[in-house]
Structure formats: C-alpha cells, structure tokens
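Novice: Need a 3D model of the following:
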Amino acid sequence: MNFRLIHLFKTVSAGGLFLALTASAFAQGRAGGRGGPGNAEAQAIYAEQVKNTPNPIPGIPEPVLLWPEGAPNAVPDANGNFTDEDKPAVYCFPAPANNNTGAAFLILPGGAFTNRVADHEGVQIARFLNAHGISGFVLRYRIQPNYRNNISVLDANRAIRYVRAHAADFKISPDRVGTIGFSAGAELEGDAFYNGVVPGDPVAADPLDRFSTRPNFIALIYGGRTPRDPASAPPTFMFNTIEDGSHLSAEVNAWNALRAAGIPTEVHFYNYGEHGTSMSPGDPLLGEWPGLMINWLKAGGFLADKKSAPGSGASK
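Specialist: Got it, this is the predicted structure:
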C-alpha cells in the first residue's frame with residue numbers, strides 16, 4: 001500500500017490513547033483489487049488523494065528495498081516502467097533503546113493478495129510491538145494481478161534474511177526473529193515459513209543469502225497453512241474466531257499438525273468476531289489477544305536471552 005494514502009486518527013484502547021494509521025481508500029494504481037486497472041473511478045480517487053496527501057507521512061519510515069538493484073521477476077508496465085508495486089520492501093520500526101528486548105517480528109499484512117492492509121495489520125502492529133520493546137518490520141510484498149503467490153514467498157524469505165543480516169544495526173538478536181501474518185499474510189507466512197524455508201548458504205555471494213529463512217517463532221492471525229513437515233516448524237501462536245469459519249479451518253488444521261508433532265503452540269479461538277478484527281482496541285474480549293501473545297513470548301523466552309518458563313500449549 002502506498003503510505004501517501006494514510007492519515008492519522010486517534011482511538012482509545014484499554015492501554016490509553018494512541019495514534020493509529022488507516023488507509024483512506026483501497027486504490028493502489030496497478031496493484032489490483034478495487035484500485036486495479038479495471039476500476040477507473042477508484043483510479044481517479046487515488047490520483048486525487050495522492051495529489052492532496054503530504055509525502056512522506058510523519059512517523060512512517062522510508063521503505064527499504066529488498067533488492068536495491070531491482071527485484072527478480074519484476075514486471076514493468078506497458079511503458080516499461082517499474083512502480084513501487086514491483087519493488088518489495090520493508091518499513092522498519094526499531095524498538096526504542098530504553099526498552100529494547102532484542103526480539104523482532106516481520107509483519108505480513110493481509111489483503112487477499114490484491115492489496116495490503118498496511119495500516120491496522122501493519123503499522124499499528126509495529127507500534128504495538130515497539131511499546132513492548134519488540135522491533136517490527138512491515139513487509140511490502142508483491143501482489144496480484146502481476147504477481148502470484150510464489151513471488152510473494154520470494155519476497156517474504158528475502159525480508160526475514162534482511163532483518164537477520166541487519167540485526168546489529170537494529171540491536172536485535174538474529175535468533176529471536178519471528179513472523180506475524182494476518183489473513184492472506186498468514187497464508188503467505190505458512191507458505192514461506194512452514195513450507196518454503198530456505199537454509200542459509202555460508203558461502204553465498206549475496207550476504208543476505210547466508211541466513212536461514214526459518215523464523216524462531218510464528219503468530220498466525222485469522223489465517224494460515226498446514227505445515228508439510230510440522231516437526232520442523234517453530235513454536236506458534238494463533239488467534240481467530242469461530243465466526244470466521246473458513247479461515248478458522250486452516251488454523252485448526254495447522255494446530256492439529258503442530259500438536260501431533262509436539263511443537264509448542266498456544267491457540268486462542270473466540271466465539272464471535274468477523275474476519276479482519278486486527279487488534280480490536282477497546283474490545284473486552286477480542287482485544288485480549290495482543291497481550292496474550294506478549295505473555296506467550298515472555299514465557300517462551302523470546303523476549304530475553306534465556307527462557308523464563310517452558311513453552312506450553314493452550315486454547316481458549
């Protein structure tokens with residue numbers, strides 16, 4: 001998502017007043033979805049918003065291109081030009097120095113692979129993690145119509161390698177890097193980090209390729225995939241609702257596979273709540289899961305150099 005479309009608003013959560021970011025429309029140039037090339041009205045709205053929106057947005061870091069010299073398999077437009085949608089990147093939100101735990105999350109927003117919900121499934125998540133001493137890296141992965149899932153997996157694997165390769169720069173531990181995905185982002189997470197892990201090559205010419213793409217922990221938020229080799233999967237946290245039946249099934253299948261393989265897994269399934277609830281600030285039930293995930297990270301030792309308690313599975 002183009003961050004020029006984002007504006008600020010204030011919302012209240014149980015933790016107090018915080019700044020959140022929301023996109024003002026779905027239009028994203030040639031990114032597909034409602035703003036794709038077949039929707040002239042959305043394209044006109046997009047052009048007007050870009051013209052009247054300040055750039056850069058205060059508080060949003062400049063994107064870091066994952067392939068500065070050009071991404072593999074990038075597809076130019078009819079005029080031979082490449083846009084931001086052809087340039088996978090991460091937006092880096094390092095934890096504040098005064099409470100940095102050394103842990104980090106690569107954040108994969110959802111959006112049905114036709115757009116990216118980079119506000120409440122991206123930036124807001126990074127800000128929440130920062131408040132708990134965790135660095136967040138929001139991934140701008142390539143999406144339809146020009147790019148299929150295998151390209152998105154390529155971008156996700158490159159992103160976690162970037163985070164590990166720059167661990168010293170961000171003052172994080174390369175062995176405490178996890179991933180959190182929402183909806184389609186959680187499906188991409190499963191494809192890349194359950195079923196598409198690439199080992200590091202210590203003699204690779206590209207320094208990033210020397211790092212493994214396997215995360216140290218995973219959070220699946222209303223979406224996921226079944227791991228083909230569950231015994232090799234990282235410890236996993238899950239959140240969803242029974243009401244979100246189609247996405248719940250994917251998580252239940254993953255949970256059963258992980259549990260059978262003995263992988264520490266904590267699961268929180270609530271009765272009510274439609275798809276895409278994100279952090280649900282202020283909701284007395286659905287708003288619990290972010291804090292529960294932080295507790296899970298603490299218990300698993302991911303927020304410290306040594307484990308404070310053994311990991312355990314739980315359901316709700």
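Novice: Phe237 in helix, strand or coil?
Specialist: Taken by DSSP: H, G, I helix; E, B strand; the rest coil, the conformation at Phe237 corresponds to strand.
Novice: ok, now how distant is it from Leu188?
Specialist: Relative to Leu188, Phe237 is positioned 17 Å away (criterion: Cβ to Cβ, to the nearest Å). Glycine gets a C-beta too; all of them are placed from N, C-alpha and C.
Novice: strand partners of the helix or strand Gly178 falls within, parallel vs antiparallel please.
Specialist: For Gly178, the host element (DSSP states H and E) is strand 177-182. Here the strand partners of strand 177-182, with direction, are listed using DSSP bridges: strand 103-108 (parallel), strand 217-221 (parallel).
Novice: Residues in contact with the helix or strand following it: which ones?
Specialist: Once strand 177-182 ends, the next helix or strand along the chain (criterion: DSSP H and E) is helix 184-193. Applying Cβ atoms under 8 Å, 6 or more residues apart in numbering, the contact partners of helix 184-193 are 107-113, 116, 121, 139, 141, 149, 152-153, 156-157, 160, 179-181, 213-215, 218, 220-227, 234, 250, 254.
Novice: In this structure, where is pLDDT below threshold?
Specialist: Counting by pLDDT under 70, the chain shows low-confidence ranges at 1-57, 305-316.
Novice: Tell me where it has strands.
Specialist: Taking DSSP state E as the criterion, the chain contains strands spanning 6-13, 16-23, 64-65, 89-93, 103-108, 134-140, 177-182, 217-221, 236-241, 265-270.
Novice: can you list those in TSV and add distance to Arg259 and mean neighbour count?
Specialist: Conversion of the strands of the chain to TSV gives the following (distance: least, Cβ to Cβ, whole Å; neighbours: other Cβ atoms under 10 Å):
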stretch	distance to Arg259	mean neighbour count
strand 6-13	32	13
strand 16-23	35	15
strand 64-65	37	16
strand 89-93	32	22
strand 103-108	23	28
strand 134-140	26	27
strand 177-182	19	28
strand 217-221	14	27
strand 236-241	10	26
strand 265-270	6	21
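Novice: any idea how far the residue of the chain positioned farthest from its centre is from Pro145?
Specialist: When distances to the mean C-alpha position of the chain are computed (Cα atoms, centre = their mean), the maximum falls on Asn79, with 31.6 Å. Taking Cβ to Cβ as the criterion, Asn79 is separated from Pro145 by 17 Å.
Novice: Make a markdown table from the strands paired with strand 177-182 and add distance to Pro290 to it.
Specialist: Formatted as a markdown table, the strands paired with strand 177-182 follow (distance: least, Cβ to Cβ, whole Å):
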| stretch | distance to Pro290 |
| --- | --- |
| strand 103-108 | 12 |
| strand 217-221 | 10 |
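Novice: Can you say which of those is nearest to Pro58?
Specialist: Of all the strands paired with strand 177-182, the one in closest proximity to Pro58, counting by Cβ to Cβ, is strand 103-108 (20.0 Å).
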